[in-house]
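> need the 3D shape of this:
(2 chains)
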Amino acid sequence: MAHKKINLKNWIKKYWLAFVFILAFFLRLPSLFEPFTYGDEGIYLTLGQAMRKGAVFYRDIHDNKPPLLYFLAAFAENFFNYRLLLFVWSLATIYFFSKLSRLLFGKNNLAVFLSTSIFTIASSVRLFEGNIANAENFLIGTSLIGFYLFLTAKKNSQYFLAGFLFSLSALFKIPGAFDFAAAFALGLLLFISQKEKNYKLYARRSTLFTLGFLLPIALTFLYYACQNAFWQYLTAAFFQNFPYLASWLPDKPQAVGLPLPLLSRVLATFLVFAFLFFLRKRLSVATKLTLLWFSFSLFAALLSSRPYPHYLLQIVPPFALAFGLLFAKNKEKVVPALTIVVFTFCFHTFHFWRYPTNTYYQNFYTYALGLKSKNDYFAYFGKDAQSLYQTAAYIKTHTNPEESIFIWTNQPSLYPLSERSPVGRYAAAYHIIDFNGYEDTLVALKASPPRYLIWFLSVKQPFPALEALVENEYFKVKTIGEIEIYRHL
Amino acid sequence: MTTFLEQLTEEKGKLKLMREDRLVSLTMKINCLLLFITLPLLFIFWQRLPPQIPLFFSRPWGESQLASPNVLFLFPFLSLLVLILNFSLMIKTIEEEKLLAQILSSASLTFSFLCLVALLQTIRLIS
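Okay, here's the model as predicted:
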């Protein structure tokens, strides 16, 4: 019996990662089958699709993120491939997380197993929108490899490569740059902790690490400058993010020209660094990395004070790593409890949305097992899901593949679903509203009026000039749910 | 003439070589995992599958493209077949041609991955 037990233990020790992958597979499987109605993904694919037709981001079509995510969307071409790409990317991310965890916790299998399992579950479930191919889902992968390389680097080129990987994180989404900052702070802390300091070596490696980070970003500027889109790129992907961040709004209490909540979070991050600095000789590398990464990524996730749960995905790697410290033999054991308290506090204080997780999986697996009809399965994702697919089918059969359409919507998934590009630079109504694109849109609509214009009744914000244009130049041909399809006279 | 025991020891040595090669070992592990996942996937969706499914898209449009759902088992079966074939070739070549063994293991992984994607796409199309 004892012999059998030992065998089972060995077996688990040997194949635990396979179990984790199988778990990830079945947690992520529903994302390949659900209706593709998520607005953000719709925008990325609309931009990707436009790029395939020759458009230049920011100049011909607008969104306010750096370009890497749109390149991936262009490569994927459609929703299924895009989600499949995320699927494979996530499995690779789990693998690199297990490597990083192994590096930090060494032979403590339980610590590696627990942290990797928590990472797998937290990064895959719908609670934090792990099922959606958003930037955070991709950037945690590049940041993880960046940290792994940074900690294992021996050659100068490896420091450069680590910086390069963090740069990719920032090119997925600007808050990814805070992972670079965390790694830089960790490097400084580890250097200060050394008994014999080689300043020259540290300076050379830090410079290479920073160069690796800055070079790809500089190359994107060069590329867009060559495409005559330098200012549009700078404004859209960088400057427009500042007023977009709710925390920078003027109605918040301010000090030295900056909002107090933001300053207090800067102070909290600095305090964590100071705490680690004073206790640097007593703490392990695992604790230093976990706490630094956790505080920097928390700062990044809360930067906009917006309640979208996928922002929290950036915190998941250090949060999961903290659980490995449960098996530490000193006071570092309290780190996981501390991270749970901070995480829960932030989740409640910032009113992050809660997407139901159990019903999501229940809905999918009852459908897959044939216990639910497709209509009932789609109905779970809101009343728009069916109408979107029906409208996309209508557009596809009534327009040519090269034809552009215009949709007054906050649901831009219709563009990639119907495989058509938008007239003008904006793919969503909230872009036109937020970035004051009314004039641009009207000019584009008058210059090349689309044969079909789709009006979503769910968009409540007024656009009187567009309403007048529709009234004078279009007639309604079909209504599908809350979607009205108009044809040019 | 080599005895059975000598042959077995020799094969064991080659297996050890395969385990020691990081790429071969990793791709083989992922390949087995993909195969392991494909079967439960089919069983989960089995009830949703219609009596006839579109599969042979190279044939003229219409009934000739249809097949019985049992044909879907071809995907894991073919993956397994390619894996076994490549594995036996790898055993023979790993000592002298390490690169070839790596190519063979990567090829069978690619094949299994594409089979899984094809299966997922087919199920998505019909369910």
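
> end to end on stretch A:404-423, go ahead and measure it.
From its first residue to its last, stretch A:404-423 covers 6 Å (C-alpha to C-alpha, to the nearest Å).

> buried set for that stretch?
Neighbour-count burial for stretch A:404-423 flags A:404-418, A:420-423 (criterion: 16 or more other C-beta atoms under 10 Å in any protein chain shown). All C-beta atoms are positioned from the backbone trio N, CA, C, and that covers glycine.

> quick one, what contacts residue B:100?
With contact set as C-beta atoms under 8 Å, 6 or more residues apart in numbering or on different chains, residue B:100 has these partners: B:90, B:93.

> determine the number of other residues adjacent to whichever residue of the stretch 301-450 of chain A sits closest to chain B.
At 3.0 Å from chain B, residue A:370 is the closest residue in the stretch 301-450 of chain A, using C-beta to the nearest C-beta. With neighbours defined by other C-beta atoms under 10 Å in any protein chain shown, the count for residue A:370 comes to 14.

> all the strands of chain A, residue numbers only.
Residue ranges of the strands in chain A, as given by DSSP state E, are A:254-255, A:258-259, A:404-408, A:421-422, A:452-456, A:474-480, A:483-488.

> residues making contact with the third one?
Read it as strand A:404-408. Contacts to strand A:404-408, defined as C-beta under 8 Å, 6+ apart, come from residues A:395, A:399, A:414-415, A:418, A:420-424, A:429, A:445, A:448, A:450-456, A:459, A:463, A:466.

> can you give me the angle it makes with strand A:452-456?
20 degrees (axes from the mean of the first three to the mean of the last three C-alpha atoms, to 10 degrees).

> just the strands from chain B, written as ranges.
Under the criterion DSSP E, chain B carries strands at the ranges B:53-54, B:66-67.

> how about the residue of chain B found nearest chain A, nearest residue that isn't a chain neighbour?
Across chain B, the shortest distance to chain A (C-beta to the nearest C-beta) belongs to residue B:47, at 3.0 Å. Beyond its immediate neighbours in the sequence, the residue positioned closest to residue B:47 (C-beta to C-beta, 6 or more residues apart in numbering or on different chains) is residue A:370, lying 3.0 Å away.

> hmm, the one you found is touching residue B:48, no?
Yes - applying C-beta atoms under 8 Å, one finds residue A:370 in contact with residue B:48, separated by 4.6 Å.

> next, show the common contact partners of those two.
Jointly contacting residue A:370 and residue B:48 under the rule C-beta under 8 Å, 6+ apart is no residue at all.

> re the thing from before, list the contacts for the residue nearest to residue B:47?
The neighbourhood of residue A:370, defined by C-beta under 8 Å, 6+ apart, consists of B:46, B:47, B:48.

> and the lowest-mean-pLDDT helix or strand in chain B, what's buried?
Each helix and strand of chain B was given a mean pLDDT (mean pLDDT, DSSP states H and E); the minimum falls on helix B:4-20 at a mean of 77. For helix B:4-20, the neighbour count (16+ other C-beta under 10 Å) marks B:14, B:17, B:18 as buried.

> what residues does chain B put near chain A?
Taking C-beta under 8 Å from any C-beta of the partner chain as the test, the list of chain B residues beside chain A reads B:29, B:33, B:36-37, B:41, B:44-48, B:117, B:120-121, B:124, B:127.

> let's see if you can find the most crowded of the residues you listed.
Within those, neighbour counts (other C-beta under 10 Å) peak at residue B:45, which reaches 23 neighbours.

> quick check: that one vs residue A:30, distance?
Relative to residue A:30, residue B:45 is positioned 12 Å away (criterion: C-beta to C-beta, to the nearest Å).

> repeat that for residue B:54.
Computed as C-beta to C-beta, the residue B:54 to residue A:30 distance reads 23 Å.

> can you check residue A:349 too?
Going from residue A:349 to residue A:30 by C-beta to C-beta gives 30 Å.

> higher neighbour count, the two?
Applying other C-beta under 10 Å to residue A:349 and residue A:30 shows that residue A:30 carries more neighbours, namely 17 against 10.

> ok, the more buried one - contacts?
With contacts defined as C-beta under 8 Å, 6+ apart, residue A:30 is in contact with A:131, A:360, A:361, A:364, A:365.

> the second one reaches residue A:126, doesn't it?
I take that to be residue A:360. Yes - because the distance of 4.6 Å satisfies C-beta under 8 Å, residue A:360 is recorded as touching residue A:126.

> tell me, what residue is most central in chain B?
For chain B, the residue sitting closest to the mean C-alpha position, by C-alpha atoms, centre = their mean, is residue B:79 at 2.1 Å.

> where in chain B is pLDDT low?
Regions of chain B meeting the criterion pLDDT under 70 cover residues B:1-5, B:8.

> let me see the ranges of the helices in it.
Chain-ordered helices for chain B, with DSSP state H as the definition, fall at B:4-20, B:22-45, B:74-93, B:98-126.

> got a markdown table for those helices, with distance to residue A:259 too?
Converted to a markdown table, those look like this (distance: least, C-beta to C-beta, whole Å):
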| stretch | distance to residue A:259 |
| --- | --- |
| helix B:4-20 | 57 |
| helix B:22-45 | 48 |
| helix B:74-93 | 56 |
| helix B:98-126 | 46 |
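
> nearest to residue A:102, out of those?
Nearest to residue A:102, of all these, is helix B:22-45, at 14.4 Å by C-beta to C-beta.

> from residue A:378, how far out is residue A:122?
From residue A:122 to residue A:378 the distance is 27 Å (C-beta to C-beta).

> please apply the same query to residue A:325.
The span separating residue A:325 from residue A:378 equals 43 Å under the rule C-beta to C-beta.

> which of those two has more neighbours?
When neighbours are counted by other C-beta under 10 Å, residue A:325 and residue A:378 differ, and residue A:325 comes out ahead with 25 against 20.

> now do the contacts for that one.
With contact taken as C-beta under 8 Å, 6+ apart, residue A:325 is in contact with A:111, A:286, A:287, A:290, A:332, A:333, A:335, A:336.

> quick check, the second one in contact with residue A:321.
Yes - in this structure residue A:286 lies within contact range of residue A:321 using C-beta under 8 Å: 7.1 Å.

> now for those two: what residues contact both?
The contact sets of residue A:286 and residue A:321 overlap at residue A:104 (C-beta under 8 Å, 6+ apart).

> where does chain A have low pLDDT?
Short version for chain A, where the test is pLDDT under 70: A:1-6, A:8, A:242-258.

> any idea how it splits into domains?
A:2-33+A:64-349, A:384-488 (automatic domain parsing).

> thanks again, I'm all set now.
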